[in-house]
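Q: Here's my sequence, what's the structure:
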Amino acid sequence: MDVDADLSDSAPLVRLATWLPKDALWLTSSLSRARQTAEALRQHIDHIGPPTASPVPVIVETFNEQHFGDWQGLTHDQIAHKRPDEARAFWANAANAHPPGGESFRDVIERVAPTVHQFCQDNPGADIIAVAHAGSIRAALALALDLTPDKALCLDLGHLSLSCIDWIKSEPKEGGVWRVCNINQSAT
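A: Numbers count the residues shown, from 1 in each chain. Sure, this is the predicted structure:
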């Protein structure tokens, strides 16, 4: 769902901003909470150092969170109560199952991974900051770590946390190699 971010506690934002590169290409999902968080982080970075490389974050819709279709806005308990058979079938195969009218986590990986790879190829050596959601961050980590969708769903990612992957161009290997520098460093 497209809901606003709760940015009432500025301390984690300031802490996270100090960990981010000052000169970077900024990307964000199209959802309000990601755009608002990106703007708040950029304001704190501007107080720390020189202006960032991109004047405004580039909105990348493929970084949006997994769409749960008819289940959007419902809690796990509400889904289990209203649609117990569908809920059991989904959670038995959460990486591959589609909620009614929604997308599977495998679908999320299939839309996020090519975008991450393309931005890295188009901006070799550049710092890129992507303000996104747990599902799309898991998808990027699945790409970098060569994880199956089931294994990627095991990653626990918190709000206002930093995960860092590097793409290193490598001539002998087509496209380069990935290095994972950090996963879920919490600013809260």
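
Q: Now the lowest-mean-pLDDT helix or strand in the chain: buried residues?
A: Within the chain, no helix or strand scores below helix 32-48, which has a mean of 89 by mean pLDDT, DSSP states H and E. Applying a neighbour-count criterion of 16 or more other CB atoms under 10 Å, one finds 33-42, 44-45 buried in helix 32-48. Every C-beta, even on glycine, is put in place using the N, C-alpha and C of the backbone.

Q: Make a markdown table out of the residues you listed and add distance to A132.
A: Shown next, in a markdown table, are the buried residues of helix 32-48 (distance: CB to CB, whole Å):
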| residue | distance to A132 |
| --- | --- |
| R33 | 10 |
| A34 | 6 |
| R35 | 11 |
| Q36 | 13 |
| T37 | 10 |
| A38 | 9 |
| E39 | 14 |
| A40 | 15 |
| L41 | 12 |
| R42 | 15 |
| H44 | 18 |
| I45 | 17 |
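
Q: closest to P21 among the residues you listed?
A: Set against P21, the nearest of the buried residues of helix 32-48 by CB to CB is I45 (8.8 Å).

Q: in this protein, which residue is closest to the centre?
A: Closest to where the C-alpha atoms of the chain average out (CA atoms, centre = their mean) is I137, at 3.1 Å.

Q: isn't there a helix covering that residue?
A: Yes: with DSSP: H, G, I helix; E, B strand; the rest coil as the criterion, I137 is located in a helix.

Q: Strands along this protein, start to end?
A: Taking DSSP state E, the strands of the chain run over residues 25-28, 58-59, 128-131, 161-168, 177-186.

Q: so where's the protein uncertain?
A: 46-55, 172-175 (pLDDT under 70).

Q: Now do the same contact list for L143.
A: 109, 112-113, 116-117, 165, 178 (CB atoms under 8 Å, 6 or more residues apart in numbering).

Q: Save those residues as TSV, and put in neighbour count too.
A: Shown next, in TSV, are the contacts of L143 (neighbours: other CB atoms under 10 Å):
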residue	neighbour count
I109	24
V112	28
A113	17
V116	25
H117	17
I165	20
W178	18
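
Q: Closest one to I128 out of those residues, please.
A: Closest to I128 out of those is V116 (8.9 Å), distances taken as CB to CB.

Q: which residues does the closest one contact?
A: 130, 139-140, 143.

Q: any idea how far the closest residue to N64 other than its chain neighbours is from G125?
A: In space, N64 comes closest to S29 once its chain neighbours are excluded; the distance is 4.6 Å by CB to CB, 6 or more residues apart in numbering. Separation of S29 from G125 (CB to CB, to the nearest Å): 24 Å.

Q: who's more crowded, the two?
A: Taking neighbours as other CB atoms under 10 Å, S29 and G125 compare with S29 leading, 25 against 9.
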